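Q: the following comprises the amino acid sequence and a computationally predicted model.
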Amino acid sequence: MEKRAHISGWTLPLLLILPQMAITVIFFYWPASQAIWQSFLREDAFGLASEFVGFENYVSLFEQPEYYRAMTTTAIFSSLVAFFSLGCALLLATQADKNIRGGHVFKTLLIWPYAVAPAIAGVLWIFMFHPTLGTLSKPIKAVGIDWNPMLNANHAMTLLVLSATWKQISYNFLFFLAGLQAIPKSVIEAAAIDGAGPLRRFWTVIFPLLSPTTFFLLVVNIVYVFFDTFGIIDAVTGGGPAGQTTTLVYKVYADGRLGGDLGGSAAQSVILMIIVIALTAIQFRYVERKVQY
Amino acid sequence: MAGVTLDTVRKVYAGNVEAVKGVSLGIEDGSFCVLVGPSGCGKSTLLRMIAGLETISGGEVKIGDRIVNQVEPADRDIAMVFQNYALYPHMSVYDNMAYGLKNRGTPKDEIEKRVKEAARILAIESFLARKPRQLSGGQRQRVAMGRAIVRKPQVFLFDEPLSNLDAKLRVQMRVEIKRLQRALGVTSIYVTHDQVEAMTLSDKLVVMSGGQIEQVGTPSEVYRRPETRFVATFIGSPPMNILPGTVEAPGRVSIGGQSIAVTDMREGLTPGSAIEVGLRPEDVQAGGTGTSSLSMDVDFVEELGATQLFHGKVAGAEFIVQASTGQLPADTRRLALAVEPANVHLFDPQTTKRLGRV
């Protein structure tokens, strides 16, 4: 039997979807269209007047070597964070899925980092790894590494990857754990009887069965690294040293808010929007087909 | 191939819950052993201990001459068919069957030969490239069987493999399992709560209740001479009628003042002491007359096609009689039941054990 409510007229249905429509329009479409419009304008230094310049903002953007560097930085940063946060979360989830004593405490503790605001997380990490004040900097220096994320771009990137990964592990962990618990126990037992050791069981049975979860998380994590790591970058490196950890989203902020170039910043937002839409579309088009069974 | 020997096997779960209370059992090489009992009787736990999926809390499990208590499931040389089939959903039927062989490093051409052979036996050759989700319940069941037989293990373990199938398919698969086991001659242990499956499949029937074995025997032994009241009422459908009675004299008991003769009766029972009298619905002859007879008040009749079931009371206790259709009018209110002395089972009301000749 099909369950379908029959409502006559248009008033009630319209009223019911109105709140959702309002939210979508006010918070998504309106700012997005504003950004697109602004990307075609140039403001004067005082923000008093603006003129229509067509694609000039875009053209000048692609003439900046900094913009290409931000793209490379974003690509490296996002692949590292996605790889490590998915990998660590999967490892932790497989361990938490075992029936161990204190498992509940373990699971609860693992979820905590997600409740920490990005900026706070950034501050925590910079406290630990500050070249002169950081508690963990001393042991690193003691083993002979001249640790200085303020001056060394690789060190700065390492620190960013660490903190962004740490923050995202909780989220991935929750989904992986749910995914693992949805795999029928008897399938794993059958594999054990079929002579597959724990590692082989994981790679030939558990991991393939988790692939829809992994795929979903991959999409979510890429979007996370592109946009939500802004707070961490701002708190930990501020895009430095010398702009070497400036990602696309941080450059939008740096150019628009700090540099006062609203038009150029808007153009970057539009490109960023297109990149994320394209990435997500590609992931759904090519990867999702392979993970269905 | 090998037999399986259990020696006082126990399973105690956390919180001191004893699921299996010291079970000893010998299963001969090549025989088909069925563990039957109500849910929670420990039969599945016992099977899982033999498989190595549960740790053994006490006692010994031997497959052939080898004690396997500490042996990994993979190294016990067993194959198991699960209730929900437990097929690998992301693998084709072929890969499902080949998986166990691949893990053991069997050469590719040998794998192909064995999978093809198993597929031929089970008539699933045309599905080899499909995924489990594209198969019906019965076909999945065959794949699960195929996965077990390609490995050529020493022992097959079945954990209620037919309970997810519809009634018609269940009967068909039951016959196939029996035929397959006969053909392969592999020792098989089969867990079920369905007494018809248990009776039809087994060479050796093990009735379990409350974590213990109630009786071991061939199906006909268990049916003809149940050792406890539990077995008497569990095996057989409709279940055996149990009537309260008293001992009259050697070879005679009385039920509500009606005296009947008994062939299989323990000697030396005190006249006047209470006793439970078991009579199978199919063993009493409705409307007949004989040396021993009981009278029954009929409440209602169930029509089963070939037979009728008369429900009513004998000496105040619930009673069911099975009769051929047409033998008696359906509006019969009162029935005379002829009882053959050899068909009367006696049980001790306290211990519930059989009070037959020693």
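A: Thanks, I have the structure now.
Q: got the contact list for stretch B:124-133?
A: Here stretch B:124-133 makes contact (C-beta atoms under 8 Å, 6 or more residues apart in numbering or on different chains) with A:293, B:85, B:87-94, B:96, B:115-116, B:119, B:134-135, B:139-140, B:142-143, B:146. Any C-beta I mention is one placed from the backbone N, CA and C, and that applies to glycine too.
Q: same thing but at 10 Å, please
A: Contacts to stretch B:124-133, defined as C-beta atoms under 10 Å, 6 or more residues apart in numbering or on different chains, come from residues A:292-293, B:85-98, B:115-116, B:118-119, B:134-136, B:139-140, B:142-146.
Q: pLDDT weak spots in the stretch 201-350 of chain B?
A: For the stretch 201-350 of chain B, the stretches with pLDDT under 70 are B:288-290.
Q: so which bits of it are right by chain A?
A: By C-beta under 10 Å from any C-beta of the partner chain, no residue of the stretch 201-350 of chain B approaches chain A.
Q: the helices in the stretch 201-350 of chain B, which residues?
A: B:219-224, B:229-234 (DSSP state H, counting those that start in this stretch).
Q: now tabulate the ones you listed in CSV and tack on mean neighbour count.
A: CSV is the format used below for the helices of the stretch 201-350 of chain B (neighbours: other C-beta atoms under 10 Å in any protein chain shown):
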stretch, mean neighbour count
helix B:219-224, 17
helix B:229-234, 22
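Q: from the contacts of stretch B:124-133, which ones fall inside helices?
A: Secondary structure from DSSP state H places B:93-98, B:115-116, B:118-119, B:139-140, B:142-146 of the contacts of stretch B:124-133 in helices.
Q: now the buried members of the residues you listed.
A: For those, a neighbour count by 16 or more other C-beta atoms under 10 Å in any protein chain shown gives the buried set as B:93-98, B:115, B:118-119, B:139-140, B:142-146.
Q: OK, contacts around the residue nearest the centre of chain B?
A: For chain B, B:A198 is the residue whose C-alpha lies nearest the centre (C-alpha atoms, centre = their mean; 3.0 Å). By C-beta under 10 Å, 6+ apart, the contact list for B:A198 reads B:34-37, B:190-192, B:205-207, B:219, B:222, B:234-235.
Q: between the residues you listed, which sits nearest chain A?
A: Taking C-beta to the nearest C-beta as the measure, chain A sits nearest to B:V191 out of the contacts of B:A198, at 13.6 Å.
Q: so for the one helix or strand that closest one maps to, mean pLDDT?
A: Using DSSP states H and E, B:V191 sits within strand B:187-192. The average pLDDT for strand B:187-192 rounds to 94.
Q: just how off-centre is that strand within its chain?
A: The chain centroid and the centroid of strand B:187-192 are separated by 9 Å, computed with C-alpha atoms, centre = their mean, to the nearest Å.
Q: and that strand, which strands flank it?
A: strand B:32-36 (parallel), strand B:155-159 (parallel) (DSSP bridges).
Q: helices along the stretch 101-250 of chain A, start to end?
A: Under the criterion DSSP H, counting those that start in this stretch, helices of the stretch 101-250 of chain A are mapped to A:103-111, A:118-129, A:137-142, A:153-181, A:185-193, A:198-201, A:207-223, A:230-236, A:248-253.
Q: so which of those comes closest to B:R174?
A: Minimum separation from B:R174 across the helices of the stretch 101-250 of chain A (C-beta to C-beta) falls at helix A:185-193, 21.2 Å.
Q: in the closest one, what's buried?
A: Buried residues in helix A:185-193, counting neighbours by 16+ other C-beta under 10 Å, are found at A:S186, A:V187, A:I188, A:E189, A:A190, A:A191, A:A192, A:I193.
Q: the third one against A:L209, yeah?
A: Yes: if you go by C-beta atoms under 10 Å, A:I188 and A:L209 touch, sitting 9.4 Å apart.
Q: what do those two both touch?
A: Common contact partners of A:I188 and A:L209 (C-beta under 10 Å, 6+ apart): A:L180.
Q: picking up where we left off before, relative to A:V123, which of the contacts of B:A198 is nearest.
A: Minimum distance to A:V123 across the contacts of B:A198 is 59.5 Å, recorded for B:V191 (C-beta to C-beta).
Q: wait, that closest one touches B:F156, no?
A: No: look at B:V191 against B:F156 with C-beta under 10 Å: they stay out of range, at 11.6 Å.
Q: neighbour count winner among the two?
A: Neighbours per residue (other C-beta atoms under 10 Å in any protein chain shown) separate B:V191 from B:F156, with B:V191 holding more: 26 against 23.
Q: show me the beta-bridge partners of the more buried one.
A: Applying DSSP bridges, one finds that B:V191 bridges with B:L35, B:D159.
Q: for A:Q244, see how far away it is.
A: To A:Q244, B:V191 is 65 Å away according to C-beta to C-beta, to the nearest Å.
Q: just B:T307 next, same as before
A: B:T307 sits 89 Å away from A:Q244, going by C-beta to C-beta.
Q: pull the longest helix from chain B.
A: Per DSSP H, chain B has its longest helix at helix B:167-184.
Q: quick check, stretch B:49-59 touching chain A?
A: Yes: judged by C-beta under 10 Å from any C-beta, stretch B:49-59 and chain A are in contact via B:A51, B:G52, B:L53.
Q: can you check stretch B:88-99 too?
A: Yes: residues of stretch B:88-99 contacting chain A under C-beta under 10 Å from any C-beta: B:Y88, B:P89, B:H90, B:M91, B:D95, B:N96, B:M97, B:A98, B:Y99.
Q: pick out the most distant pair among those residues.
A: Taking C-beta to C-beta as the measure, these span a maximum distance of 15.7 Å, between B:P89 and B:A98.
Q: could you report the pLDDT at the closest residue in space to B:A198 that isn't next to it in sequence?
A: Leaving out its chain neighbours, the residue that sits closest to B:A198 by C-beta to C-beta, 6 or more residues apart in numbering or on different chains is B:V36, at 3.8 Å. Note for B:V36: predicted pLDDT of 95.
Q: might one say that B:V36 is in contact with B:M208?
A: Yes: assessed by C-beta under 10 Å, B:V36 is found in contact with B:M208 at 7.0 Å.
Q: the two: who's more crowded?
A: Remark: of B:V36 and B:M208, B:V36 carries more neighbours, 29 against 25, as counted by other C-beta under 10 Å.
Q: contacting residues around the nearest residue to B:Y223 once chain neighbours are set aside?
A: In this structure, B:Y223 finds its nearest non-sequential neighbour in B:I235, 5.7 Å apart by C-beta to C-beta, 6+ apart. B:I235 sits next to B:36, B:195-196, B:198-199, B:205, B:207, B:214-215, B:219, B:222-223, B:226, B:280 when contact means C-beta under 10 Å, 6+ apart.
Q: what about 8 Å?
A: By C-beta under 8 Å, 6+ apart, the neighbours of B:I235 are B:V36, B:Q195, B:A198, B:M199, B:L205, B:V207, B:V222, B:Y223, B:P226.
Q: my read: B:S209 touches B:F230, true?
A: Yes: look at B:S209 against B:F230 with C-beta atoms under 8 Å: they come within range, at 5.2 Å.
Q: for chain B, see how far away the residue positioned nearest the centre of chain A is.
A: Central residue of chain A (C-alpha atoms, centre = their mean): A:Y224, 1.6 Å from the mean position. To chain B, A:Y224 is 27 Å away according to C-beta to the nearest C-beta, to the nearest Å.
Q: cool, A:V59 as well?
A: Taken as C-beta to the nearest C-beta, the span from A:V59 to chain B is 49 Å.
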